[in-house]
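Pasting the sequence and the predicted model now:
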Amino acid sequence: MKQDTPYILRQQIRRGELQQNTSGLAPGYVQCNLVILPKQFADDFREFCQLNSQSCPLIGSSEFPGDFCLKMLGEDIDIRTDIPSYQVFKDGVFSAEVTDISDIWEDDFVAFLLGCSFSFEEALIAAGLEIRNITESKNVPMYKTNIDTQGVGQFTGKMVVSMRPLNPTDASKAIEICNQYPKVHGAPVHLGNPSAIGIDDITQPDFGEAVTINAGEEPVFWACGVTPQLAIANAKPTICITHSPGHMLITDILNSSLRSA
């Protein structure tokens, strides 16, 4: 069955015809996490991304304050409409979940697009590994941890991780493959015992949905692009807009272009 192109999918999202999480859509193309901040917070956040690149791998950003087209990421992108679901935070506190931010867009907003684990999932599947959240048609489970990020100004907080259960052999393959994709979170940050990184109950993710962990499998954890949301909650910017977990910007960039040599 022919897959829709990223451009067609973005147009469907813009028209409100596609509002699901984007996992599995547009195979072969990079999907991005989103953070939008007023200009006064942008420099500190950019440095936060640079210091915490495993959680916050920066793929692109507004060329100037107020730029919502992000031409480096694809044809006819409008970051105000082309993500299925957005979350709005005011003074660090969740305020609303919406499907269009055109009416709250400001001329001093700067958008940051961060690499997403959906890119390395494709590489793992190509190597014959099962990705449970895709098999079960669920949003990947994500958890808050006790792992510190490197703070910049008011942007501080703990790392969020995504989890995929794998047997030991497949976990070793996953490490080898993901080491080749540093721009989309790279290798796992932890394998096995969830409590060692501050996760008390693996069946109760903080974001996304729980997946089955079969006998002989261990949870494998990757740094996750939801991490900035915790730093934003601590920084308490006057306003911040992010993607809703699992609802990404689908770009025209090929996943293969992010593979390190």
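That came in fine, so what should we check first?

From Arg132, how far off is Thr212?
Per CB to CB, to the nearest Å, Thr212 is found 6 Å from Arg132. For glycine as for every other residue, the C-beta is placed from the backbone atoms N, C-alpha and C.

doesn't Met72 fall inside a strand?
No: counting by DSSP: H, G, I helix; E, B strand; the rest coil, one finds Met72 to be helix, located in no strand.

secondary structure class for the closest residue to it other than its chain neighbours?
Spatial nearest neighbour of Met72, excluding adjacent residues (CB to CB, 6 or more residues apart in numbering): Gly60 at 5.0 Å. What three-state DSSP gives for Gly60 is strand.

which residues touch Gly60?
Going by CB atoms under 8 Å, 6 or more residues apart in numbering, Gly60 touches 32, 70, 72-73, 112-113.

Glu75 too?
Taking CB under 8 Å, 6+ apart, we find Glu75 in contact with 7, 252.

coming back round to it: can you check which residues contact both of Thr212 and Arg132?
Counting by CB under 8 Å, 6+ apart, the common neighbours of Thr212 and Arg132 are Pro165.

more neighbours, those two?
Under the criterion of other CB atoms under 10 Å, the comparison of Thr212 against Arg132 puts Arg132 first, with 19 against 11.

Apart from its chain neighbours, what residue comes closest to His243?
Per CB to CB, 6+ apart, closest to His243 is Leu34, 4.3 Å.

quick one: the one you found and Val110 touch, right?
No: between Leu34 and Val110 there is no contact under CB atoms under 8 Å: 11.5 Å.

Now do the helices in the stretch 101-250 of the chain.
Under the criterion DSSP state H, counting those that start in this stretch, the stretch 101-250 of the chain contains helices at 118-126, 132-135, 168-178, 227-235.

lowest confidence element among the helices and strands of the protein?
Of all the helices and strands that make up the chain, helix 118-126 has the lowest average by mean pLDDT, DSSP states H and E, namely a mean of 88.

List the buried residues in that helix.
Buried positions in helix 118-126, judged by neighbour count with 16 or more other CB atoms under 10 Å: 118-124.

Contacts only, for Ala127.
Contacts here follow CB under 8 Å, 6+ apart; on that basis Ala127 touches 173, 177.

Kindly provide the distance from it to Ala187.
The spacing between Ala127 and Ala187, counted by CB to CB, is 14 Å.

What of Pro65?
Per CB to CB, Pro65 is found 35 Å from Ala187.

now do Cys178
5 Å.

next one: phi and psi at the spatially closest residue to Leu73 that is not a sequence neighbour?
Spatial nearest neighbour of Leu73, excluding adjacent residues (CB to CB, 6+ apart): Thr251 at 4.4 Å. Reported as degrees, to the nearest 10, the phi and psi values for Thr251 are phi -100, psi 180.

So for stretch 151-160, what gets flagged as buried?
Of all the residues in stretch 151-160, those buried under the rule 16+ other CB under 10 Å are 151-152, 154-155, 157-160.

Also stretch 28-37?
29-37.

Name the surrounding residues that touch the least confident helix or strand of the chain.
Here helix 118-126 makes contact (CB under 8 Å, 6+ apart) with 22-24, 27-28, 30-31, 131, 134, 164, 173-174, 177-178, 180-181, 184-185, 222, 248, 255, 258-259.

Many thanks, we can stop here.
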